[in-house]
Structures are given as structure tokens and as C-alpha cells.
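**Q** sequence unavailable; structure follows:
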């Protein structure tokens, strides 16, 4: 079995997309994130015939999340406590314990991540890579996958800095871990990325993230 996991925050006012306020109002940032959430769950479910799929939230599933029908019947688990590395490692360990021979994690912050990135990630793992990562334009990564849990890749990582990918790659080299990079993509964490996303969704890519495209159509220029 191969497993695809979506790491997500629960949509809550003042807790999501805060770096986009301004130019967005806090309520607009929440609505934008809700659109990301819907689109990425839809994206996750599009792989359900090929991979096991799982939603990993930053807390418990609550009644208000019932407004997202795309999540109905989806395997939902909590990320648990700790920094991002601790939570990712836990997810890989639990996925392995469930019988997955390869697991890949994506997030909500890249609502137009192409399908090909996910397929390429699993393909590289099937070809023998210990781990894969798709670099983000901001120095982090938009996708990460492993054939087995590798705690070495999550130690001493300066999360939320431009050095995340470089530190991860350096740790892999030092430990003899075969880490393959796939094509880069981008997170939507600042105004430049937000404008890039809006432009991307004004064209043919609108079908990849329809909820986000609809939200932009209702939003004044910024």
C-alpha cells in the first residue's frame, strides 16, 4: 500500500493565512483558506482509487467542519503535538505501522500543486529513493515522502525559514540517505505568491482549484 496524506489546519479566524493580513482582512484570509481546504481535500480524494488517502488536522474534527462535504468518509487523524518535524515524523511512523510501503505528505498552502508532482514522488520512491522532496520557492518544501520513517531529516531543522530544504538535504547527505528532489512549486504564504496564484487561476488552471478560483472572482484587486 502507498499512502498520500494531507496536512491541514482547521479553518479558524486569526489562525490561518495570517501573513496575508494585510492586504486581506482577517475574515478574507479565513475565506481564502477555506477555499484552499476544500480544493486540497478534493485533490486528495482524486487519488483515492490509487493510494490510501488521509487527512491530518492540527486538532480534533469538530461539528463546524461538517460544512466540507468532500471530507465525508475520509480517514481523518490528528497531527498531535510538537513542531512540524515531530508531527511529520509521527505521521510517517503511523503510516508505516499501518502497512504503507511508501508515504507522501502534501499541505493546504499549495492549492495548485500539480498531480504530476504526487505521481513523480511515488515513482521516485518506487525506484528506490529513501525520501523525496519538492522544493518550495521560499526555501522549504511543498511535498515530502519516505519509504520508511527517517527521523534524521527532521532534526535541527529551522522551520519557517529559507533554509529548510538545504538543511534537510545536508542531513540526508550526512546520514547516507538517498533524498531525491522533484520539480519545485510554491506555497501561498506572502502577497507575491497570492498574486501569482490569482494570475494562475485566471487561466486554464482554474479547474485544479475551483473553490479558490471562485473566491478570487469575488475578491477586489489587491
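**A** Nice, I can see it. Quantities reported herein were computed from a predicted structural model and do not represent experimental measurements.
**Q** so which residue is dead centre in the chain?
**A** The residue lying closest to the centre of the chain (Cα atoms, centre = their mean) is residue 107, at 1.2 Å.
**Q** wasn't residue 39 part of a helix?
**A** Yes: judged by DSSP: H, G, I helix; E, B strand; the rest coil, residue 39 forms part of a helix.
**Q** got a list of what the closest residue to it other than its chain neighbours touches?
**A** Excluding its sequence neighbours, the residue lying closest to residue 39 (Cβ to Cβ, 6 or more residues apart in numbering) is residue 209, at 4.1 Å. C-beta: built from backbone N, CA, C; applies to glycine. Contacts for residue 209 (Cβ atoms under 8 Å, 6 or more residues apart in numbering) come out as 35, 36, 39, 111, 112, 201.
**Q** look up phi and psi at residue 209.
**A** phi -140, psi 70 (degrees, to the nearest 10).
**Q** thinking again about what came up before, mind checking which of the contacts of residue 209 land in helices?
**A** Among the contacts of residue 209, DSSP state H puts 35, 36, 39, 201 in helices.
**Q** most neighbours of all these, which one?
**A** The most crowded member of these, judged by other Cβ atoms under 10 Å, is residue 36 (26 neighbours).
**Q** that one contacts residue 109, doesn't it?
**A** Yes: Residue 36 lies in contact with residue 109 (Cβ atoms under 8 Å); the separation is 7.1 Å.
**Q** so what sits against both of those two?
**A** With Cβ under 8 Å, 6+ apart, residue 36 and residue 109 have common neighbours residue 188.
**Q** so where's this structure shaky on pLDDT?
**A** 63, 65-73 (pLDDT under 70).
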